[in-house]
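Chemist: Give the three-dimensional model of this entry:
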Amino acid sequence: MQSSGNRVRVTAQLIYAPQDITLWARTYDRDLSDALTVQSALARGLADEIRVSMTAGEKSKVGNEHPVNPKALEAYWQGQYHLDRFGSGAGKEERYAAMEYFQKAIQIDPSFARAYVGLVDAHTPNVTPPPEEVSIVQDALQKGLAADPNLSDAHLHLARFKEFHDWDFPAAEREFQRAIDLNPNGAEAHDLYGDFLDNMGRHQEAMNEERRAQELDPAGEQLIDGYNHRGEYAQALQLALNNVAAHPNDGISHAYLYQAYLHTGQKKKTVEELQRAEALYGYPEMVSALSKAYAQSGYEAAMRLAAKQFEQALGNPASPTHIAEIYLHIGDKDSAMKWLERGYAERDGFLVALRDPVWDSLRSDQRFKDLIRRVGLPQ
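Modeler: Numbers count the residues shown, from 1 in each chain. All right, here's what the predicted structure looks like:
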């Protein structure tokens with residue numbers, strides 16, 4: 001892609017790799033305000049060339065991008081840049097910078113639906129926004145869908161909000177299905193719908209969605225959550241190792257590997273991976289303290305310190321449920337229940353995974369049974 005002034009030029013090619021033959025090529029010149037429409041033109045050209053049949057949802061999406069003010073578009077990409085840095089060696093300050101750019105994009109062009117989706121992302125450092133940011137997310141979801149009712153990503157984010165914050169599971173499922181209908185080839189929608197189905201105990205359906213997501217995005221890793229939901233921790237560990245090898249500077253990948261080591265009882269590696277994740281999320285001061293605690297007082301002391309450290313990182317990106325899991329791991333059930341109750345009070349979205357095997361040692365506790373009932377999970 002090349003740009004000059006307010007013009008942008010995109011050259012695209014469809015190549016048959018085994019013989020290095022160009023099957024299709026085209027160049028598009030557009031005003032920068034129409035840059036988002038180039039992807040629609042590309043989609044139409046490719047679909048025509050390889051004779052792809054599109055669903056009604058896909059057809060409604062292709063060619064439906066509205067022109068965007070160039071300054072709004074620039075602010076949007078700046079927001080994406082800062083958001084990508086959060087958890088990749090930089091901390092919460094990048095999340096806040098992203099918020100400012102997305103808000104700037106919205107102020108310049110209030111009809112720019114993707115900017116509202118970006119704002120939701122910036123305010124959702126894990127599966128739910130911090131309590132003080134919930135109203136901002138609700139407003140952005142409403143305005144984003146009003147600006148473009150056919151934007152799959154907007155429906156996907158609404159589905160996640162309905163599942164993780166509202167605990168309105170029927171509404172969440174409708175929104176997941178709507179997102180997939182609008183963009184059947186979106187790997188993220190299939191992946192997150194699979195996660196939802198696992199949380200509902202519908203594991204076979206979940207596996208189908210997760211495998212579809214993996215087919216659509218082979219370079220990503222869409223299967224780890226499913227293995228964790230089903231207690232297949234050895235498989236999750238292998239995938240987490242592969243994911244870290246592919247994305248060594250991604251904090252989420254290291255967080256998955258930390259959990260995999262935690263679930264498989266590899267104590268030293270659990271601490272080491274937690275340290276790597278802490279560093280990538282901008283908490284270098286925690287790393288040396290955790291190392292010192294492990295060396296001087298052993299694994300349980302290190303994990304108790306980790307729970308305390310997570311308190312300092314609540315919402316960026318730790319949650320009460322993460323803290324509860326650590327306490328349960330070291331056998332402190334009362335502390336685990338205390339943090340699960342705090343999670344309930346704060347609408348911690350990770351509570352929707354309480355059916356997972358990691359919580360089995362609390363399964364007979366009446367307090368835990370009551371918590372599942374209050375969240376509204378299927379029994």
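
Chemist: Next secondary structure element downstream of the helix or strand bottoming out on mean pLDDT in the chain?
Modeler: Averaged element by element with mean pLDDT, DSSP states H and E, the chain has its least confident helix or strand at helix 56-61 (a mean of 52). Next helix or strand after helix 56-61 toward the C-terminus (DSSP states H and E): helix 70-85.

Chemist: And that following helix, what's buried?
Modeler: By neighbour count, and taking 16 or more other CB atoms under 10 Å as the criterion, the buried residues in helix 70-85 are 70, 72, 73, 74, 75, 76, 78, 79, 80, 82, 83, 85. (Each C-beta comes from the backbone N, C-alpha and C, glycine too.)

Chemist: can I get the residues you listed in JSON lines with pLDDT and distance to residue 330?
Modeler: Supplementary listing: the buried residues of helix 70-85 in JSON lines, determined by pLDDT from 0 to 100; distance: CB to CB, whole Å:
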{"residue": "70", "pLDDT": "92", "distance to residue 330": "54"}
{"residue": "72", "pLDDT": "96", "distance to residue 330": "49"}
{"residue": "73", "pLDDT": "94", "distance to residue 330": "49"}
{"residue": "74", "pLDDT": "95", "distance to residue 330": "49"}
{"residue": "75", "pLDDT": "97", "distance to residue 330": "46"}
{"residue": "76", "pLDDT": "97", "distance to residue 330": "44"}
{"residue": "78", "pLDDT": "97", "distance to residue 330": "43"}
{"residue": "79", "pLDDT": "98", "distance to residue 330": "39"}
{"residue": "80", "pLDDT": "97", "distance to residue 330": "39"}
{"residue": "82", "pLDDT": "97", "distance to residue 330": "36"}
{"residue": "83", "pLDDT": "97", "distance to residue 330": "34"}
{"residue": "85", "pLDDT": "97", "distance to residue 330": "33"}
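
Chemist: Closest one of the residues you listed to residue 25?
Modeler: Set against residue 25, the nearest of the buried residues of helix 70-85 by CB to CB is residue 73 (25.4 Å).

Chemist: Would you mind measuring from that closest one to residue 246?
Modeler: With the distance defined as CB to CB, to the nearest Å, residue 73 ends up 30 Å from residue 246.

Chemist: now residue 259
Modeler: 17 Å.

Chemist: So for the two, which sits in the more crowded spot?
Modeler: For residue 259 and residue 246, the more surrounded residue by other CB atoms under 10 Å is residue 259, and the numbers stand at 23 against 12.

Chemist: Quick check: nearest residue in space to the more buried one, chain neighbours excluded?
Modeler: Counting by CB to CB, 6 or more residues apart in numbering, the nearest residue to residue 259 once its immediate chain neighbours are dropped is residue 228, at 7.0 Å.

Chemist: Would you confirm that the one you found contacts residue 263?
Modeler: Yes: look at residue 228 against residue 263 with CB atoms under 8 Å: they come within range, at 7.3 Å.

Chemist: Which neighbours do these two have in common?
Modeler: In the contact map built from CB atoms under 8 Å, 6 or more residues apart in numbering, the residues linked to both residue 228 and residue 263 are 236, 358.

Chemist: more neighbours, the two?
Modeler: Each of residue 228 and residue 263 has its neighbours counted (other CB under 10 Å); residue 228 has more, 25 against 22.

Chemist: Could I get the contacting residues of that one?
Modeler: Listed by CB under 8 Å, 6+ apart, the contact partners of residue 228 are 236, 259, 263, 356, 358.

Chemist: circling back to that earlier point, any idea which element the residue nearest to residue 259 lies in?
Modeler: Element membership for residue 228 (DSSP H and E) is helix 224-229.

Chemist: Same question for residue 273.
Modeler: With DSSP H and E as the test, residue 273 turns up in helix 267-280.

Chemist: can you give me the mean pLDDT across that helix?
Modeler: Mean pLDDT, helix 267-280: 98.
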